[in-house]
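In: need a structure here:
(one chain, ligands or ions: 1)
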Amino acid sequence: MFADEILVGGRWRRGGGEVLETRDPATGEVLARLHGAGVADVDEAVRAGAAAAADPAWRDLLPHERARCLVRIADLIAERADDIAALQTADTGKSINETRALVASAQGTFRYFAAALETLEGALTPSRGPYLTMSVHEPVGVVGAITPWNSPIASDAQKVAPALAAGNAVVLKPAEWTPLVSLALGRLITDAGLPPGLLSVLPGPGRIIGDAIVRHPGVGKVSFTGGTTTGRAIGAAAAEKIMPVSLELGGKSPTIVFPDADREQALAGLLFGVFSSSGQSCIAGSRAFVHASIYEEVVGELVRRAGRLRIGPGTDPATQVAPMVAHAHRDKVAAMVDRARDEGARVRCGGRTPDGEAYARGAYYLPTILDGVPNSAAICQEEVFGPVLVALPFEDEEDLVAQANDTVYGLACGVWTGDYRTAWRVARRIDAGTVWVNTYKQFSISTPFGGFKDSGLGREKGREGIFAYMRQKSVYWGMDEQQPYSQQWGAQST
Ligand code: NAD
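Out: Just a heads-up that it's a prediction; the model follows:
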């Protein structure tokens, strides 16, 4: 069903690396086997990318002309939206509603960066002498984009669109478990007529292919989304090369309910925040801090509603909690819950796989709520990346802020309160790159995104997002015959 081909430097061909197997997590069936990239493919892709980026056919395109390429890609994503969403549901297990939304978001990302590119400006800076000074931005050349498995089309687009908009070539490495959507994006971008060589798609093991991309001397920037441990290793390798990196990493985000919150809004936000995507989201609101005065009432209701969530295959539009990306990942999540249980956590709901023939073959795990452990417990400190919520009571704002910030992560936070002053104070005191007030997990491509602390470095999205893929250059133009050094260093009379 799938051609055993990857995109290397403008050519579709069999990869030179090991065979990757990708399965449908709803059934466990093999979707595709394909040869991933080998290290020689990385070298070929980077060289071809460098040549394509330096070719006047791409390098000299005016911004509005380059923007047209991005719009063509967006149009093709729109045309193939149903197929891409279905493919992503098969490859990641995610529900079809979610993958449709991710495809729409990817399309919007290409359109947004096309528009941003057309309006990108350099600067004439205030001169300090008889010269004109300006600051311009230029592409870095070849960008390495390394993405995780949870939302491939959206995370790929968030890197590929601004990197191309900036005038670069891109070498994209999808995660081992989910290569198919990135390859489909590669096909689509080829069909959109992007000059060959500007995009390579190299599935393969991170420790070999990802590492080879990061260390390749021809790669001038790496944009990475994934786990914090991997991000730290990539950051260290980048430091050796003195190469800029953007790191979008993990999280353990607090969601907070004050007594004056709209109860319905808070309950819906908490459930959606942690159980959508089966919790496999960097911004999952995985620690719920509920004021002690309403704790039992709110947590009891969360438990009731979590028990009623519809669990099923991602292909069913009624599904709320779909299978996890892979059986191995589901087992890792289950082991973390078991360890929490051993350490004294109370399992308020879930904590196991669902019963019934319909779930027997899929990588399912029930929406799980735990409590009875302090914020210092491993289950409150480590990223689970699954449908697991830990509930914690808080006494007052000081106690809340101390607990919520007591984590190595700083990606996101949700606050539910009826008082805008409380919301503002708390939003400013929580160490997180994004705070949602009376809503959660909503995104706009025009708003920068990124983490504090171990959750990352740099920002994606927003108009400034293009600059992450550019180098800044200053140009001084001497405008007078007489320059400050002219008298001492000018023409000597003979
Ligand atoms: P991961 O770190 O294991 O892998 C991410 C990517 O890095 C994959 O393509 C992998 O092959 C590659 N990789 C692994 N080792 C590498 C190495 N040594 N050098 C170069 N590349 C390497 O993460 P994952 O399990 O695929 O994804 C889950 C993680 O991603 C979670 O921690 C989650 O929080 C994080 N994430 C963060 C964001 C964000 O925007 N902050 C978004 C989604 C996911």
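In: The residue of the stretch 251-400 of the chain found nearest the ligand - how many residues pack around it?
Out: Residue nearest to the ligand within the stretch 251-400 of the chain: Cys282 (3.1 Å; Cβ to the nearest ligand atom). C-betas here are computed from N, CA, C, even on glycine. Look at Cys282: counted by other Cβ atoms under 10 Å, it has 27 neighbours.
In: Helices of the stretch 151-300 of the chain, residue ranges please.
Out: Along the stretch 151-300 of the chain, counting by DSSP state H, counting those that start in this stretch, helices occupy 152-165, 180-191, 211-215, 228-241, 263-275, 295-308.
In: hmm, back to that, quick check: chain neighbours aside, which residue is closest to the residue of the stretch 251-400 of the chain closest to the ligand?
Out: Using Cβ to Cβ, 6 or more residues apart in numbering and skipping the chain neighbours, the partner closest in space to Cys282 is Gly251 (5.0 Å).
In: can you confirm Phe385 is in a helix?
Out: No - counting by DSSP: H, G, I helix; E, B strand; the rest coil, Phe385 is not found in a helix; it is coil.
In: ok, now which ones touch it?
Out: Residues in contact with Phe385, defined by Cβ atoms under 8 Å, 6 or more residues apart in numbering, are Asn150, Gly250, Gly279, Gln280, Ser281, Ala284, His329, Val333.
In: same thing but 6 Å
Out: By Cβ atoms under 6 Å, 6 or more residues apart in numbering, Phe385 lies in contact with Gln280.
In: number of nearby residues for the residue lying closest to Asp406 once chain neighbours are set aside?
Out: Counting by Cβ to Cβ, 6+ apart, the nearest residue to Asp406 once its immediate chain neighbours are dropped is Asn375, at 5.7 Å. As a burial measure, Asn375 scores 20 neighbours (other Cβ under 10 Å).
In: Kindly report the same for the one 3 residues further on.
Out: If you count neighbours by other Cβ under 10 Å, Ala378 ends up with 13.
In: So what does it look like in phi/psi?
Out: Torsion angles at Ala378 (phi, psi; degrees, to the nearest 10) stand at phi -60, psi -40.
In: same check, this time on Leu20
Out: The phi/psi pair for Leu20 (degrees, to the nearest 10) reads phi -100, psi 140.
In: From the ligand, how far out is it?
Out: Distance from Leu20 to the ligand, counting by Cβ to the nearest ligand atom, to the nearest Å: 11 Å.
In: what bridges to that residue?
Out: Leu34 (DSSP bridges).
In: give me the number of residues near it?
Out: If you count neighbours by other Cβ under 10 Å, Leu20 ends up with 21.
In: hang on, it packs against His35?
Out: No - counting by Cβ atoms under 6 Å, Leu20 stays clear of His35, with 7.6 Å between them.
In: Next one: Gln492, what pLDDT does it get?
Out: Looking at Gln492, its pLDDT reads 72.
In: where does it land in three-state SS?
Out: Assignment for Gln492 (three-state DSSP): coil.
In: can you tell me how far it sits from Ser486?
Out: 12 Å (Cβ to Cβ, to the nearest Å).
In: Next: Ile153.
Out: 59 Å.
In: Let me see the contact set for Ala284.
Out: Contacts for Ala284 (Cβ under 6 Å, 6+ apart) come out as Val274.
In: In stretch 281-293, which of the residues would be classed as buried?
Out: Neighbour-count burial for stretch 281-293 flags Ser281, Cys282, Ile283, Ala284, Gly285, Ser286, Arg287, Ala288, Phe289, Val290, His291 (criterion: 16 or more other Cβ atoms under 10 Å).
In: now swap in stretch 308-322 and tell me
Out: Quick answer for stretch 308-322 (16+ other Cβ under 10 Å): Leu309, Ile311, Gly312, Pro313, Gly314, Asp316, Thr319, Gln320, Val321, Ala322.
In: How far away from the center of its chain is stretch 403-422?
Out: 21 Å (Cα atoms, centre = their mean, to the nearest Å).
In: meant to ask about stretch 387-401
Out: Computed by Cα atoms, centre = their mean, the chain-centroid distance of stretch 387-401 equals 26 Å.
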